[in-house]
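In: Next comes the sequence, and after it the predicted model I'd like to discuss.
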Amino acid sequence: MPRSLRLFSRLVGFFVGGALLSLRVAAADGPAASGEIQQLMVKLRGPAAARSMVLGADTARGLSASAGVSLRHVRRMSGGAELFRLPRAMNADEANAVAQQLLRDPRVEAVEPDRWVQPLMVPNDSRYPEQWQLHDAASEPAAANLPEAWDLSTGASDLVIAVVDTGIVAHADLDRSARIFPGFDFVSDSFIANDGDGRDGDSSDPGDWVTSGDISASQRLCAQTEPSSWHGTHVAGIIGASGNNGFGVAGVNWNSKLLPVRVLGKCGGYLSDVLDGARWAAGLSVPGVPDNANRARVINLSLGATAACSPFIQGVVDEIVATGAVIVAAAGNSGGDAGAITPGNCAGVVAVGALGRTGSRAYYSSTGSTVALSAPGGAQAYVNDSVGILSLFNTGTTSPDASPNGDSYAFLQGTSMAAPHVSGVASLMLSLNPALTAAEVRQKLRATARPFPAGSTCTTALCGAGMLDAVAALRSATNTTPPVANAGDDKQADPGGVVTLTASGSAAAPPASIMRYTWTQTGGTPVVLSDPNSVDASFTAPGFSDTLSFQLTVTDDGGLSSSDTVQVTLGSGVSTASSSNSSGGGGGGGCFIATAAYGTPSAAEVGSLRAFRDNYLLTNAVGRAFVATYYALSPPFANAIRPHPFLRKLVRAGLVPYVAVARWFTGKKFETAPEP
């Protein structure tokens, strides 16, 4: 090939290769598919790393070397973490492998994939004037029971509720000038943000509609074309639409302030943006963002990502809860295990499942042990089905139509709709009692939840403690004094007799009432309590002397509890019930076989065995268990040998070494009983 042709070929190859590389880089710089990982959140060790405002180039290169791939530093996150971009979108296994490589670097404390977060809503676009979900429980089985609760509080004007979502559009049913703070837009990717830039101070919702071009550009982040969801506006309306204003709908809280924190855009958003937004809402600082002067006491997260609650995410949750903020999150719409949806699966978060109108589990609602309680979420059979949740909406299918002409209402469904009901009630509780901690709010929400109705597909194992009950929760909010448990005075009783324990002296602090009594045995020979969950519990005492200990725990309707103990001392003599059989060899304080063998409970050998039992066996758990088993099994053997002198003689011979050991331990002299 001539030299000039070779040069031309090289130039063509250079430019074509460069163009392909540019395309690959452009694609890598765009958002990853929802099941892929494009970024890693990395927390470095040591206070110096947390204080440093700029990550050094050498550190970034060193981390890339440790990871085995080229990492591009994106920005500093809140809490001292750093966000790095991977060279390409990776599946979960590939990203986890890179994370494990990074964790081998001694400078790295934690690594968390920046997963894709989506609003947890089953979309719909209908409207209907009736809000069944707010009605009293007598008329609507799954309703949140608000009418009577509003007599107690409609919200304190100085309390703030953060709506961490898609942002909020103007609506006449939200008094924007009086009740909505400016908030902040934390969506860092300009494509997702859909407002022409990244993070800024404008928390309004520009719309999150999806076109076919968006689907191509976003590398499958968006599964289908769809109009704007106005998700954050719908959620905000459930929490705080103006009530008693003569038109539209009512929210749960009519007076408290709303703080819009925008973290979701087209098709969802990054977990890193969600964590930053939630921390900022709680009053914690975020690099490059002005501090939040309006700290939220309740943070609603109607969103989730499919992932475990890692120590990284749990650490962020713990920081937020430590500020006193209550985190309420959607449990998930997968219909599967809610433990797979974060941040609802983190400890300390109030994860909310969704109920249909009849009080059964909404067909899409995730379930399991991480669900704290359930609330109305709707279970629609078709578009515009009025069994969904009615709240605020906008007529715009892409960008929002200006208020008031663009104001509308729609029925939607999802755990995204269930969570804000709980957030609203939590805000009313804190309006009544600002001193409540996040843990106390969660405890009281669960403790005051109504049982699921008969025939419901929900159980406490699937749908949490019960159904949200605003009246009971607000009544409980003002009470922080535990009930007084009174198990009664210590008592003495005869062996073999029936003993009754009573908690009648227990009392709850008004206006609370005791909802649960629990008796448990903590010491002595095990007995069977007849009614361990009632005011009075009874048992039949063992037929020998012993000291039995019991604990009473009383719990009020707000989940507060206290305990008391009582001891029952059983005498060492033969009980009335047992002594009636002594002539037949079955009595003797329970030494059935020995009494039958020696013919009388007053025989010296029987006394030695009884003394060994009382002083050595009944003083420890193993010995007590042995004695209980012996006395449960021995009566039939005693009855079998009693009528036969030869068998009684054989048994006496067999008991000689046991009697000798008993006397050696108890200090008694060996005596031979006379032949009966």
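Out: In hand now; what should we look at? Residues are numbered from 1 along each chain as shown.

In: backbone phi and psi for residue 435, please?
Out: phi -80, psi -10 (degrees, to the nearest 10).

In: and if you look at residue 428?
Out: Dihedral angles (degrees, to the nearest 10) for residue 428: phi -70, psi -40.

In: Quickly note the distance from it to residue 144.
Out: 11 Å (C-beta to C-beta, to the nearest Å). Using the backbone N, CA and C atoms, a C-beta is placed for each residue, glycine as well.

In: Need the residues touching each of these two.
Out: Listed contacts common to residue 428 and residue 144 are 252, 470; contacts here mean C-beta atoms under 8 Å, 6 or more residues apart in numbering.

In: Quick check: which ranges of the stretch 301-450 of the chain have low pLDDT?
Out: For the stretch 301-450 of the chain, applying pLDDT under 70 flags no range at all.

In: Helices of that one, residue ranges please.
Out: Under the criterion DSSP state H, counting those that start in this stretch, the stretch 301-450 of the chain contains helices at 311-322, 415-432, 438-447.

In: Mean neighbour count, the ones you listed: which tops it?
Out: The highest mean neighbour count among these, using mean count of other C-beta atoms under 10 Å, belongs to helix 415-432: a mean of 30.

In: Can you work out which other helices and strands pack against that one?
Out: Applying 3 or more C-beta pairs under 8 Å, 6 or more residues apart in numbering; DSSP states H and E, we find helix 415-432 packed against strand 160-165, helix 231-240, strand 298-301, strand 326-330, strand 350-355, strand 373-376, helix 438-447, helix 470-477.

In: Residue 64 is nearest to which of the helices of the stretch 301-450 of the chain?
Out: Residue 64 sits nearest to helix 311-322 of all the helices of the stretch 301-450 of the chain, at 20.2 Å, using C-beta to C-beta.

In: Would you mind getting the angle between that closest one and helix 438-447?
Out: Counting by axes from the mean of the first three to the mean of the last three C-alpha atoms, to 10 degrees, helix 311-322 lies at 90 degrees to helix 438-447.

In: Distance to residue 562 added to the helices of the stretch 301-450 of the chain, as TSV?
Out: TSV is the format used below for those (distance: least, C-beta to C-beta, whole Å):
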stretch	distance to residue 562
helix 311-322	25
helix 415-432	22
helix 438-447	14
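
In: After the lowest-mean-pLDDT helix or strand in the chain, which helix or strand is next?
Out: Within the chain, no helix or strand scores below helix 576-579, which has a mean of 29 by mean pLDDT, DSSP states H and E. Sequence order places helix 592-598 as the next helix or strand after helix 576-579, per DSSP states H and E.

In: so after that following helix, what's the next helix or strand?
Out: Counting by DSSP H and E, what follows helix 592-598 is helix 604-615.

In: neighbouring strands for the helix or strand hosting residue 89, and are they parallel or not?
Out: Assigned by DSSP H and E, residue 89 belongs to strand 81-90. Looking at strand 81-90 with DSSP bridges, its partner strands are strand 37-44 (antiparallel), strand 72-76 (antiparallel).

In: which of those sits most buried?
Out: Buried most deeply of the strands paired with strand 81-90, by mean count of other C-beta under 10 Å, is strand 37-44, with a mean of 24.

In: Could you give the average pLDDT over that one?
Out: Average pLDDT, strand 37-44: 93.

In: Export only the CA atoms of that strand, formatted as PDB.
Out: Below are the C-alpha coordinates for strand 37-44, written out as PDB (Å, rounded to 0.1, in the frame of the first residue of the first chain):
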ATOM      1  CA  ILE A  37     -25.600   0.900  38.200                       C
ATOM      2  CA  GLN A  38     -23.900   4.000  36.800                       C
ATOM      3  CA  GLN A  39     -22.500   5.600  40.000                       C
ATOM      4  CA  LEU A  40     -21.000   4.600  43.400                       C
ATOM      5  CA  MET A  41     -21.300   6.400  46.700                       C
ATOM      6  CA  VAL A  42     -18.000   6.100  48.600                       C
ATOM      7  CA  LYS A  43     -17.400   7.100  52.200                       C
ATOM      8  CA  LEU A  44     -13.700   7.500  53.100                       C
END
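
In: got the contact list for it?
Out: Residues contacting strand 37-44 (C-beta under 8 Å, 6+ apart): 28, 31-32, 50, 59, 63, 71, 74, 77, 79-86, 89-92, 94-95, 98-99, 102, 107-115, 270-272, 275, 312.

In: For ChimeraX, write a command that selects the buried ones of those residues.
Out: Command for ChimeraX that selects the buried part of these, burial taken from 16 or more other C-beta atoms under 10 Å:
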select :28,31,32,59,63,71,74,77,79,80,81,82,83,84,85,86,89,90,95,98,99,102,108,109,110,111,112,113,114,115,270,271,272,275,312
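
In: So which of the contacts of strand 37-44 are in strands?
Out: 74, 81-86, 89-90, 108-113, 270 (DSSP state E).

In: ok, which pair from those residues is furthest apart?
Out: 89 and 109 (25.3 Å).

In: For residue 517, find the nearest of the helices of the stretch 301-450 of the chain.
Out: helix 438-447 (14.9 Å).

In: Just list what that closest one packs against, helices and strands only.
Out: Against helix 438-447 (3+ C-beta pairs under 8 Å, 6+ apart) you get strand 326-330, strand 350-355, helix 415-432, helix 470-477.

In: can I get those in CSV with distance to residue 155?
Out: Below are the helices and strands packed on helix 438-447 laid out as CSV (distance: least, C-beta to C-beta, whole Å):
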stretch, distance to residue 155
strand 326-330, 14
strand 350-355, 18
helix 415-432, 5
helix 470-477, 11
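
In: quick revisit: now distance to residue 622 too, for the helices and strands packed on helix 415-432, in JSON lines please.
Out: Converted to JSON lines, these look like this (distance: least, C-beta to C-beta, whole Å):
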{"stretch": "strand 160-165", "distance to residue 622": "56"}
{"stretch": "helix 231-240", "distance to residue 622": "58"}
{"stretch": "strand 298-301", "distance to residue 622": "51"}
{"stretch": "strand 326-330", "distance to residue 622": "47"}
{"stretch": "strand 350-355", "distance to residue 622": "43"}
{"stretch": "strand 373-376", "distance to residue 622": "43"}
{"stretch": "helix 438-447", "distance to residue 622": "38"}
{"stretch": "helix 470-477", "distance to residue 622": "44"}
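
In: closest one to residue 628 among the ones you listed?
Out: Closest among the helices and strands packed on helix 415-432, using C-beta to C-beta: helix 438-447, at 36.1 Å.

In: Okay, buried residues for whatever helix or strand comes next after that closest one please.
Out: On the C-terminal side of helix 438-447, the closest following helix or strand by DSSP H and E is helix 460-463. Neighbour-count burial for helix 460-463 flags 462, 463 (criterion: 16+ other C-beta under 10 Å).

In: CA atoms only for stretch 257-268 - export them in PDB, please.
Out: Only the C-alpha atoms of stretch 257-268 are listed here, as PDB (Å, rounded to 0.1, in the frame of the first residue of the first chain):
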ATOM      1  CA  LYS A 257     -46.100  24.000  56.400                       C
ATOM      2  CA  LEU A 258     -45.000  21.800  53.500                       C
ATOM      3  CA  LEU A 259     -41.400  21.700  52.300                       C
ATOM      4  CA  PRO A 260     -41.100  20.400  48.700                       C
ATOM      5  CA  VAL A 261     -37.800  18.600  48.100                       C
ATOM      6  CA  ARG A 262     -37.400  17.600  44.500                       C
ATOM      7  CA  VAL A 263     -35.400  14.300  44.000                       C
ATOM      8  CA  LEU A 264     -37.300  12.600  41.200                       C
ATOM      9  CA  GLY A 265     -37.800  13.600  37.500                       C
ATOM     10  CA  LYS A 266     -38.200  11.700  34.300                       C
ATOM     11  CA  CYS A 267     -38.600   8.000  35.100                       C
ATOM     12  CA  GLY A 268     -37.300   8.300  38.700                       C
END
